[in-house]
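In: Have a look; sequence and predicted model below, questions after that.
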Amino acid sequence: MRVLVLEDDPRLGPEIADGLRRAGFAVDLATDLAEAGFKLDVTAYHCLVADRMLPDGDALTLVAARRRAGWLRPVLMLSALDSVADRVAGFEHGADDYLVKPFAAAELAARVRTLCRRPEPNRLPQLRIGDLELDLARRRVTRAGVLLSLTAKEFAVLEVLMLQGGAVVSRSHLIESCWDERCEPMSNVVDVLIGQLRRRLGAPDPIETVRGAGYRLTDPDEAP
(Lines give C-alpha, C1' and ligand atoms only; values in the text may rest on other atoms or scores of the structure.)
Protein backbone atom coordinates (compact mmCIF):
# COMPACT_ATOMS: atom_id res chain seq x y z
CA MET A 1 0.00 0.00 0.00
CA ARG A 2 1.31 3.44 -0.94
CA VAL A 3 0.64 6.36 1.41
CA LEU A 4 1.20 10.10 1.06
CA VAL A 5 2.14 11.90 4.27
CA LEU A 6 1.54 15.67 4.26
CA GLU A 7 3.46 17.22 7.16
CA ASP A 8 5.60 20.37 7.22
CA ASP A 9 7.40 19.74 10.51
CA PRO A 10 11.01 18.86 9.51
CA ARG A 11 11.33 16.39 12.39
CA LEU A 12 7.85 14.91 12.62
CA GLY A 13 7.31 14.39 8.90
CA PRO A 14 10.26 12.00 8.41
CA GLU A 15 9.42 10.27 11.71
CA ILE A 16 5.86 9.56 10.54
CA ALA A 17 7.09 8.35 7.15
CA ASP A 18 9.74 6.07 8.67
CA GLY A 19 7.23 4.64 11.17
CA LEU A 20 4.77 3.78 8.42
CA ARG A 21 7.54 2.24 6.32
CA ARG A 22 8.48 0.02 9.25
CA ALA A 23 4.83 -1.05 9.35
CA GLY A 24 5.06 -2.19 5.72
CA PHE A 25 3.76 0.81 3.78
CA ALA A 26 5.41 2.57 0.86
CA VAL A 27 5.47 6.24 1.86
CA ASP A 28 6.02 9.56 0.07
CA LEU A 29 6.32 12.84 1.95
CA ALA A 30 4.99 16.29 1.02
CA THR A 31 5.54 19.44 3.07
CA ASP A 32 2.88 21.80 1.69
CA LEU A 33 -0.47 21.77 -0.13
CA ALA A 34 1.04 22.55 -3.53
CA GLU A 35 3.45 19.61 -3.38
CA ALA A 36 0.73 17.30 -2.06
CA GLY A 37 -1.65 18.32 -4.83
CA PHE A 38 0.97 17.56 -7.48
CA LYS A 39 1.77 14.15 -6.00
CA LEU A 40 -1.91 13.23 -5.74
CA ASP A 41 -2.31 14.14 -9.41
CA VAL A 42 0.47 11.84 -10.60
CA THR A 43 0.26 8.90 -8.15
CA ALA A 44 -2.66 6.67 -7.12
CA TYR A 45 -2.13 6.59 -3.36
CA HIS A 46 -4.11 4.23 -1.16
CA CYS A 47 -4.35 6.76 1.68
CA LEU A 48 -3.52 10.37 2.55
CA VAL A 49 -2.21 11.20 6.04
CA ALA A 50 -2.31 14.98 6.41
CA ASP A 51 -1.43 17.53 9.05
CA ARG A 52 -4.08 20.26 9.03
CA MET A 53 -2.16 23.50 9.43
CA LEU A 54 0.46 23.97 6.71
CA PRO A 55 2.52 26.91 5.43
CA ASP A 56 0.13 27.47 2.49
CA GLY A 57 -3.16 26.76 4.23
CA ASP A 58 -5.43 24.20 5.88
CA ALA A 59 -5.26 20.66 4.47
CA LEU A 60 -9.05 20.46 4.79
CA THR A 61 -9.34 22.74 1.77
CA LEU A 62 -7.32 20.27 -0.30
CA VAL A 63 -9.41 17.31 0.90
CA ALA A 64 -12.73 19.09 0.32
CA ALA A 65 -11.73 20.08 -3.22
CA ARG A 66 -10.66 16.52 -4.03
CA ARG A 67 -13.90 15.10 -2.66
CA ARG A 68 -15.95 17.49 -4.84
CA ALA A 69 -14.00 16.21 -7.83
CA GLY A 70 -14.94 12.60 -6.98
CA TRP A 71 -11.72 11.50 -5.29
CA LEU A 72 -12.52 8.57 -2.97
CA ARG A 73 -9.24 7.60 -1.32
CA PRO A 74 -9.30 7.53 2.51
CA VAL A 75 -7.89 10.47 4.46
CA LEU A 76 -6.52 10.55 8.00
CA MET A 77 -6.14 14.04 9.45
CA LEU A 78 -3.42 14.80 12.01
CA SER A 79 -3.75 17.91 14.15
CA ALA A 80 -3.06 19.53 17.48
CA LEU A 81 -6.54 21.07 17.15
CA ASP A 82 -8.46 18.78 19.45
CA SER A 83 -11.84 20.42 20.06
CA VAL A 84 -15.06 18.69 19.06
CA ALA A 85 -15.67 21.46 16.52
CA ASP A 86 -12.25 20.85 14.92
CA ARG A 87 -12.86 17.12 14.63
CA VAL A 88 -16.36 17.65 13.22
CA ALA A 89 -14.95 20.09 10.66
CA GLY A 90 -12.48 17.43 9.59
CA PHE A 91 -15.22 14.89 8.92
CA GLU A 92 -17.46 17.44 7.22
CA HIS A 93 -14.67 18.33 4.79
CA GLY A 94 -14.13 14.70 3.78
CA ALA A 95 -11.73 13.16 6.30
CA ASP A 96 -12.32 9.51 7.19
CA ASP A 97 -10.42 9.59 10.49
CA TYR A 98 -8.91 12.20 12.80
CA LEU A 99 -5.94 11.67 15.11
CA VAL A 100 -4.91 14.31 17.64
CA LYS A 101 -1.23 15.06 18.25
CA PRO A 102 0.73 13.72 20.04
CA PHE A 103 -0.01 10.14 19.02
CA ALA A 104 1.66 6.73 19.14
CA ALA A 105 3.26 5.47 15.93
CA ALA A 106 1.62 2.06 16.41
CA GLU A 107 -1.84 3.63 16.60
CA LEU A 108 -1.24 5.68 13.47
CA ALA A 109 -0.11 2.60 11.53
CA ALA A 110 -3.14 0.63 12.75
CA ARG A 111 -5.54 3.38 11.71
CA VAL A 112 -3.93 3.74 8.27
CA ARG A 113 -4.07 -0.02 7.74
CA THR A 114 -7.76 -0.05 8.68
CA LEU A 115 -8.49 2.75 6.21
CA CYS A 116 -6.56 1.03 3.43
CA ARG A 117 -8.45 -2.20 4.09
CA ARG A 118 -11.82 -0.66 3.27
CA PRO A 119 -13.08 -2.05 -0.02
CA GLU A 120 -13.28 0.47 -2.81
CA PRO A 121 -16.47 0.68 -4.89
CA ASN A 122 -16.81 -2.43 -7.05
CA ARG A 123 -13.74 -3.97 -5.41
CA LEU A 124 -14.19 -7.50 -4.11
CA PRO A 125 -12.93 -8.23 -0.57
CA GLN A 126 -11.60 -11.60 -1.81
CA LEU A 127 -9.68 -12.25 -5.00
CA ARG A 128 -9.15 -15.66 -6.54
CA ILE A 129 -7.17 -17.05 -9.47
CA GLY A 130 -7.10 -20.83 -9.67
CA ASP A 131 -6.33 -22.24 -6.22
CA LEU A 132 -4.76 -18.95 -5.09
CA GLU A 133 -6.98 -16.72 -2.91
CA LEU A 134 -6.26 -13.31 -1.41
CA ASP A 135 -8.48 -11.98 1.38
CA LEU A 136 -8.21 -8.19 1.37
CA ALA A 137 -10.07 -7.65 4.62
CA ARG A 138 -8.01 -10.07 6.71
CA ARG A 139 -4.80 -9.70 4.65
CA ARG A 140 -4.51 -13.46 4.22
CA VAL A 141 -3.26 -15.48 1.26
CA THR A 142 -4.04 -19.16 0.81
CA ARG A 143 -3.18 -21.63 -1.90
CA ALA A 144 -5.19 -24.82 -2.17
CA GLY A 145 -6.53 -23.97 1.28
CA VAL A 146 -3.07 -23.66 2.86
CA LEU A 147 -2.29 -20.36 4.59
CA LEU A 148 0.86 -18.72 3.23
CA SER A 149 3.19 -16.36 5.10
CA LEU A 150 4.02 -13.30 2.98
CA THR A 151 5.87 -10.10 3.80
CA ALA A 152 3.99 -6.81 3.48
CA LYS A 153 5.71 -6.04 0.17
CA GLU A 154 5.03 -9.52 -1.25
CA PHE A 155 1.37 -9.16 -0.29
CA ALA A 156 1.20 -5.74 -1.97
CA VAL A 157 2.68 -7.03 -5.25
CA LEU A 158 0.43 -10.08 -5.26
CA GLU A 159 -2.60 -7.86 -4.63
CA VAL A 160 -1.78 -5.66 -7.63
CA LEU A 161 -1.31 -8.73 -9.85
CA MET A 162 -4.58 -10.31 -8.71
CA LEU A 163 -6.57 -7.10 -9.12
CA GLN A 164 -5.65 -7.19 -12.82
CA GLY A 165 -7.40 -10.52 -13.20
CA GLY A 166 -4.78 -12.13 -15.41
CA ALA A 167 -3.86 -9.01 -17.41
CA VAL A 168 -0.20 -8.09 -17.82
CA VAL A 169 1.15 -5.70 -15.16
CA SER A 170 4.23 -3.71 -16.09
CA ARG A 171 7.22 -3.29 -13.80
CA SER A 172 6.63 0.46 -13.74
CA HIS A 173 3.05 -0.05 -12.53
CA LEU A 174 4.22 -2.39 -9.77
CA ILE A 175 6.84 0.16 -8.65
CA GLU A 176 4.27 2.97 -8.66
CA SER A 177 1.80 0.92 -6.62
CA CYS A 178 4.07 -0.87 -4.14
CA TRP A 179 7.20 1.24 -3.68
CA ASP A 180 7.68 4.90 -2.81
CA GLU A 181 9.55 7.65 -4.63
CA ARG A 182 12.87 6.61 -3.08
CA CYS A 183 12.86 3.52 -5.30
CA GLU A 184 15.11 3.72 -8.35
CA PRO A 185 12.90 2.86 -11.39
CA MET A 186 15.78 1.20 -13.24
CA SER A 187 16.71 -1.10 -10.34
CA ASN A 188 15.87 -4.80 -10.22
CA VAL A 189 13.71 -4.60 -7.07
CA VAL A 190 10.63 -5.88 -8.89
CA ASP A 191 12.41 -8.90 -10.35
CA VAL A 192 13.93 -9.76 -6.97
CA LEU A 193 10.55 -9.46 -5.24
CA ILE A 194 8.83 -11.56 -7.90
CA GLY A 195 11.45 -14.26 -7.34
CA GLN A 196 10.76 -14.20 -3.60
CA LEU A 197 7.01 -14.32 -4.21
CA ARG A 198 7.33 -17.30 -6.54
CA ARG A 199 9.16 -19.22 -3.82
CA ARG A 200 6.44 -18.33 -1.31
CA LEU A 201 3.63 -19.44 -3.64
CA GLY A 202 5.31 -22.71 -4.58
CA ALA A 203 4.77 -24.97 -7.58
CA PRO A 204 3.24 -24.90 -10.07
CA ASP A 205 4.34 -21.29 -10.64
CA PRO A 206 1.26 -19.03 -11.13
CA ILE A 207 3.31 -15.96 -12.16
CA GLU A 208 4.07 -15.70 -15.87
CA THR A 209 6.84 -13.43 -17.13
CA VAL A 210 5.76 -11.63 -20.31
CA ARG A 211 9.01 -10.64 -21.96
CA GLY A 212 9.30 -6.91 -22.51
CA ALA A 213 5.94 -6.23 -20.84
CA GLY A 214 5.84 -7.39 -17.22
CA TYR A 215 4.08 -10.12 -15.27
CA ARG A 216 0.65 -11.68 -14.98
CA LEU A 217 -1.03 -14.30 -12.85
CA THR A 218 -2.36 -17.46 -14.49
CA ASP A 219 -4.17 -20.57 -13.38
CA PRO A 220 -1.61 -23.36 -14.00
CA ASP A 221 -4.47 -25.90 -14.25
CA GLU A 222 -5.81 -24.04 -17.29
CA ALA A 223 -2.49 -23.86 -19.11
CA PRO A 224 -2.58 -25.41 -22.63
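Out: Looks like it came in fine.
In: hey, where'd the strands end up in this protein?
Out: 2-6, 26-30, 47-51, 53-54, 57-58, 75-79, 97-100, 126-129, 132-135, 140-143, 146-148, 207-210, 214-217 (DSSP state E).
In: For those strands, could you give me TSV that also reports distance to Arg67 and mean pLDDT?
Out: C-beta here means a position set from N, CA and C on the backbone, and glycine is covered the same way. Output for the strands of the chain, formatted as TSV (distance: least, C-beta to C-beta, whole Å; pLDDT from 0 to 100):
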stretch	distance to Arg67	mean pLDDT
strand 2-6	15	94
strand 26-30	18	92
strand 47-51	11	94
strand 53-54	18	90
strand 57-58	14	90
strand 75-79	9	91
strand 97-100	15	90
strand 126-129	27	83
strand 132-135	29	88
strand 140-143	32	90
strand 146-148	37	92
strand 207-210	37	92
strand 214-217	33	90
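In: Dump those strands to a markdown table, plus distance to Ala156 and mean neighbour count.
Out: As requested, the strands of the chain are exported to a markdown table (distance: least, C-beta to C-beta, whole Å; neighbours: other C-beta atoms under 10 Å):
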| stretch | distance to Ala156 | mean neighbour count |
| --- | --- | --- |
| strand 2-6 | 8 | 26 |
| strand 26-30 | 8 | 22 |
| strand 47-51 | 13 | 25 |
| strand 53-54 | 29 | 18 |
| strand 57-58 | 32 | 16 |
| strand 75-79 | 19 | 24 |
| strand 97-100 | 21 | 18 |
| strand 126-129 | 13 | 16 |
| strand 132-135 | 11 | 18 |
| strand 140-143 | 11 | 16 |
| strand 146-148 | 14 | 12 |
| strand 207-210 | 14 | 14 |
| strand 214-217 | 14 | 21 |
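In: need those strands in TSV with distance to Leu163, can you?
Out: Converted to TSV, those look like this (distance: least, C-beta to C-beta, whole Å):
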stretch	distance to Leu163
strand 2-6	14
strand 26-30	16
strand 47-51	17
strand 53-54	33
strand 57-58	34
strand 75-79	22
strand 97-100	24
strand 126-129	7
strand 132-135	9
strand 140-143	14
strand 146-148	18
strand 207-210	14
strand 214-217	10
